[in-house]
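Undergrad: Based on what follows, work out the 3D shape:
(4 chains)
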Number of protein chains: 2
Amino acid sequence: MARDRSLPRRATIHDVAAVSGISRGTVSRVLNGEPYVSDHARQAVEAAIREVGYVRNTAARNLVTQRSRAVALIVHEPHSLVLEDPNIGNILIGTNAELSNADYQMVTLILDSARDSERVAEYLRGGFVDGAIILSARVGDPIALAVAELGIPAAFVGHPPNAPDIPYIGIDNTSAARQITTRLLKTGRKRIGMIAAALDRDSGQDRLTGFTAALGERFDPTLVVDFPLYAYDTGAEGMRQLLAREPAIDGVFAASDAVAAGAMDVLRNAGRRVPDDVGIVGFDDSSWAIRCHPALSTVRQPADELGRQAALQVLDQLRGGPRPTGGTLLQTEVVWRDSA
Amino acid sequence: MARDRSLPRRATIHDVAAVSGISRGTVSRVLNGEPYVSDHARQAVEAAIREVGYVRNTAARNLVTQRSRAVALIVHEPHSLVLEDPNIGNILIGTNAELSNADYQMVTLILDSARDSERVAEYLRGGFVDGAIILSARVGDPIALAVAELGIPAAFVGHPPNAPDIPYIGIDNTSAARQITTRLLKTGRKRIGMIAAALDRDSGQDRLTGFTAALGERFDPTLVVDFPLYAYDTGAEGMRQLLAREPAIDGVFAASDAVAAGAMDVLRNAGRRVPDDVGIVGFDDSSWAIRCHPALSTVRQPADELGRQAALQVLDQLRGGPRPTGGTLLQTEVVWRDSA
DNA sequence: TTTATGGTTGGGAACGTTCACAGAAGGCTT
DNA sequence: AAGCCTTCTGTGAACGTTCCCAACCATAAA
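TA: Just a heads-up that it's a prediction; the model follows:
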C-alpha cells in the first residue's frame, strides 16, 4: 500500500485557520453559514480558503454529523426493463437534478434478484445513505419493507397496493384514462375496447377504472383484455383477441404506448387503417409515441417532475419536516396526434 | 437539530471488542481479512458481530484511509439525449453491476451545462470519489481534462479525438461500419449514401471512415450528409437531402438506429419501399431496430460489457495496477434483419 | 539456560471535522 | 459603577475507524 504516491496533502480546516489567523471553530462557522461571525472574520476566512484551495473533507464531516449527505435511488426492475421504460430515465434525471442542487449525492442502486435485495437492505442499514427514493415497487417489495422498518426519510414514485406507510408521488391514472377515453369517444367511435396491463399495480388498475368510467353505459366487458406487462407483445396479442371478439371494433385504449405500438402493427397486418378504420390511443408519451405510424395520441406524464418531487419530498424530511402520509398526484396532459 | 430522535445508537467496533473480549485492533484485523489472527479470536469476533448487529461505519473508515470507495459515472449529454440513447442505460447497468460486485459505490453524475462542468470538477477535487468513468466525452471536454489533471484512476467509454491520456474501452467503429457497408453492397446496391452524425466524436468519425473504406472507388462524397446528433430528426433531414441530391439512391448507411428510423419514415413518405427500392442499415441494435418496419439490419455493440470493462479497468487501477495507455476494443456483431 | 524468531495481541495516535462550552468585548440598563 | 445582555471567538472533546509500534508467548536454535 503505497500510501503517499507524492500526494500533495489536501488543505484542511487547520490550514485555513493558520493562514487566515482565525480559529478553527470560526472557520467551521463560516463554512456552514452560521450566524455570529464578524464580517472581518468571514472575509479573512474566505480569502484563505481560496488561497490554499480548501475543500471540505466529507468523510470527517459525515463522521461527526452522523449522516452521509447521500440519497439512494432504488430501481427495482428486471434489467432489461430499465431501458425499455422511458419514464425511468426521466425520473432519474429529475431526481438527480434536485438532489445535486441541494448538495446531496444520488447513489443509484439497480436491483433485480432476491440476492440483490438482501445486499441493498444491508447497504441501507449500513447508514450509507440518509434517505431513499423507491421506483416501481411491487406488492410486498422487500426493499420497501426494509426502508419502512429503518424509518429513514423516503418516498415512492408510484406506489404498489398495500405499500408500507411511505409518502408517494404519482399521477392520477384514473382521471387521465378517463380524459383520453372521452376524447376518443368524441371522434365518433362506437365500439371501443381496452388492452389493459399490469393490473397488480395501481397504474394498471386505475387506467382500467378510468376507461370504464368514461364509457359509462357503453362499457362492454367483453371488449377488455388484460396481460401482466406493459409491453409491445401485450398489445399485439391483445389486439388479435379483440379483433376476434369484435371485428367491428373501431376504437382502442392501450394501457401504454408500447402496448399501442403492438396493437397498431396487428391492425395494419389485418388490413385496418389507423385512424380511418380504428382509432387508437396510448399512455406515457414515450418515444414509442412518435415512432408509431401514424403518431400516437397519448397521455403525457411528467416523469422528470415525478423524480424532482420525490427528491424534494425526501429532502424536506431530511430537514426535519414531517413525513406526510398518502401521496401527491401530478397533472397529466392529453397529447393529441394522428392515431385517433 | 434533534440529534437523537430515539436512535438506538449503532454498534461500533468497540461494542464488538467488548462483547467478544478481543481487542479493537484484532477486531479490525478480522474485519479486513488480515493475516495474523488466531482462529479462536476470529470466531469470537464473528460471533460478536452477529450478536450486536455490527456494520462498519464508512465515514470513519474513509476518514482514516483517505478514500471513499466510490466511483463516479460521469454522463456528459444534453439531458434529453440520456434517454434517446439506449446504450447509456446499458452501460450504466454494466458499470453498476461490476462496481457493486467489488463493494464500490457508483455515483451517477449527469451534467449538461458549463456550470455543471465546474460543479463536477469541484466535486472530483473534493475527493468524493476514488475514480471516474467518463461517458460520451467530446473534444476538449473540461471534465476529462480535470480528471486527467487530478490523476485519479479513470477510464473512458469511447474516447474523443485528442483526449487526455486516460485508458478507454470502446468498439472498433471503423471495422464495424466497414463490415455492414460491405454486406449492404453485396445486396446489389449501386448508389449508396451515408447519413453521418457526431463527427466530433470518435464513434461518428470512425463510422464514416469505415463506410468510405468499404465503398472504395464507389465512394461518392456528394452522397454523404452529416449532422451533430445521433437523432431521429437527423435521419429525417438527412434522407430528404440525400433524395434531393440523388433520386436514384438505393442504399443508406445511417450512423445510428435512431437516424435510420428517421430516414426510413422519410423514404416511406416519398413512396420508396424498404428494402425493395432502398436498402438501409443502422448502428447500435437498440430498441429502435426491432420497432422499425421492416426490422432494421444493424450492428450490435455490447453496451453493458463496455460498462463492465470500464469499471474493471478503474478497479484495477484502484488496486494499484498500472494505468494502461491506449484502449481496449470489444467485438461487435452484424445483425441482419429485413431492412436491407 | 539464553537468544532469536515468528505468530498474535493490545492500545496510543491520528484522520478532519462539528459541537458544546467558556469566556471576552462592547453596549445598554439600573 | 455594576450588572446583564448580545455578539463574537477559541479550544477541548468527541465521532469510529485504521495504522503502527511495542509487547507477549511459544517454540526452535545456539
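
Undergrad: name the element residue A:37 belongs to?
TA: Using DSSP states H and E, residue A:37 sits in no helix or strand.

Undergrad: That one touches residue A:31, doesn't it?
TA: No. If you go by CB atoms under 8 Å, residue A:37 and residue A:31 don't touch, sitting 10.2 Å apart. Every C-beta, even on glycine, is put in place using the N, C-alpha and C of the backbone.

Undergrad: ok, is the host helix or strand of residue A:252 in contact with chain B or not?
TA: Element membership of residue A:252, judged by DSSP H and E, is strand A:251-254. No. Figure legend: strand A:251-254 not in contact with chain B (CB under 8 Å from any CB of the partner chain); closest approach 14.8 Å.

Undergrad: which residues are in contact with that strand?
TA: Strand A:251-254 is contacted by residues A:177, A:180-181, A:184-185, A:187, A:189-195, A:207, A:211, A:235, A:238-239, A:242, A:260, A:262-263, A:278-283, A:340 when judged by CB atoms under 8 Å, 6 or more residues apart in numbering or on different chains.

Undergrad: how about the nearest residue to residue A:230, chain neighbours excluded?
TA: In space, and not counting its chain neighbours, residue A:230 is closest to residue A:256: 4.0 Å by CB to CB, 6 or more residues apart in numbering or on different chains.

Undergrad: and that neighbour, what pLDDT?
TA: pLDDT recorded at residue A:256 is 93.

Undergrad: burial of it, as a residue count?
TA: 30 (other CB atoms under 10 Å in any protein chain shown).

Undergrad: ditto for the one 5 residues further on
TA: A total of 24 residues lie near residue A:261 under the criterion other CB under 10 Å.

Undergrad: quick one, what contacts residue A:31?
TA: A:13, A:56.

Undergrad: List only buried entries from the contacts of strand A:251-254.
TA: Neighbour-count burial (16 or more other CB atoms under 10 Å in any protein chain shown) applied to the contacts of strand A:251-254 gives A:177, A:180-181, A:184-185, A:189, A:191-195, A:207, A:211, A:235, A:238-239, A:242, A:260, A:262-263, A:278-283, A:340.

Undergrad: Filter those residues down to the ones in helices?
TA: A:177, A:180-181, A:184-185, A:207, A:211, A:235, A:238-239, A:242, A:260, A:262-263 (DSSP state H).

Undergrad: Closest one of the residues you listed to residue B:157?
TA: Of all these, residue A:262 has the smallest distance to residue B:157: 32.5 Å, by CB to CB.

Undergrad: Check the gap between the closest one and residue A:230 for me.
TA: Computed with CB to CB, to the nearest Å, the distance linking residue A:262 and residue A:230 is 10 Å.

Undergrad: before we move on, what about residue A:252?
TA: 15 Å.

Undergrad: higher neighbour count, the two?
TA: residue A:252 (31 against 25).

Undergrad: what pairs with the more buried one across the strands?
TA: Note on residue A:252: beta-bridge partners by DSSP bridges are residue A:193, residue A:280.

Undergrad: separation between it and residue A:184?
TA: According to CB to CB, residue A:252 stands 8 Å off from residue A:184.

Undergrad: Surely residue A:196 and residue A:224 touch.
TA: Yes. Counting by CB under 8 Å, residue A:196 touches residue A:224, with 6.0 Å between them.

Undergrad: Identify the contacts common to those two.
TA: Counting by CB under 8 Å, 6+ apart, the residues touching both residue A:196 and residue A:224 are A:208, A:211.

Undergrad: higher neighbour count, the two?
TA: Higher neighbour count among residue A:196 and residue A:224: residue A:196, with 23 against 18, using other CB under 10 Å.

Undergrad: How about stretch A:39-58, which residues are buried there?
TA: So stretch A:39-58, judged by 16+ other CB under 10 Å, has buried residues A:41-42, A:44-45, A:48-49, A:52, A:54, A:56-58.

Undergrad: got JSON lines for those, with distance to residue A:10 too?
TA: Shown next, in JSON lines, are the buried residues of stretch A:39-58 (distance: CB to CB, whole Å):
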{"residue": "A:41", "distance to residue A:10": "23"}
{"residue": "A:42", "distance to residue A:10": "22"}
{"residue": "A:44", "distance to residue A:10": "21"}
{"residue": "A:45", "distance to residue A:10": "17"}
{"residue": "A:48", "distance to residue A:10": "15"}
{"residue": "A:49", "distance to residue A:10": "13"}
{"residue": "A:52", "distance to residue A:10": "9"}
{"residue": "A:54", "distance to residue A:10": "8"}
{"residue": "A:56", "distance to residue A:10": "10"}
{"residue": "A:57", "distance to residue A:10": "7"}
{"residue": "A:58", "distance to residue A:10": "12"}
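
Undergrad: Can you tell me which of those residues lies closest to DNA strand D?
TA: Set against DNA strand D, the nearest of those by CB to the nearest atom of the strand is residue A:41 (3.4 Å).

Undergrad: so that closest one touches residue A:22, yeah?
TA: Yes. Between residue A:41 and residue A:22 there is a contact at 5.2 Å, judged by CB under 8 Å.

Undergrad: Report the backbone C-alpha coordinates of the host helix or strand of residue A:118 in CSV.
TA: Element membership of residue A:118, judged by DSSP H and E, is helix A:114-125. The C-alpha trace of helix A:114-125 is given here as CSV (Å, rounded to 0.1, in the frame of the first residue of the first chain):
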residue,chain,number,x,y,z
ALA,A,114,-33.5,-11.5,-4.3
ARG,A,115,-29.8,-11.6,-3.6
ASP,A,116,-29.6,-8.0,-4.6
SER,A,117,-32.5,-7.3,-2.3
GLU,A,118,-30.6,-8.5,0.7
ARG,A,119,-27.5,-6.7,-0.3
VAL,A,120,-29.3,-3.4,-0.7
ALA,A,121,-31.1,-3.9,2.6
GLU,A,122,-27.8,-4.4,4.3
TYR,A,123,-26.4,-1.3,2.5
LEU,A,124,-29.3,0.8,3.8
ARG,A,125,-28.8,-0.5,7.3
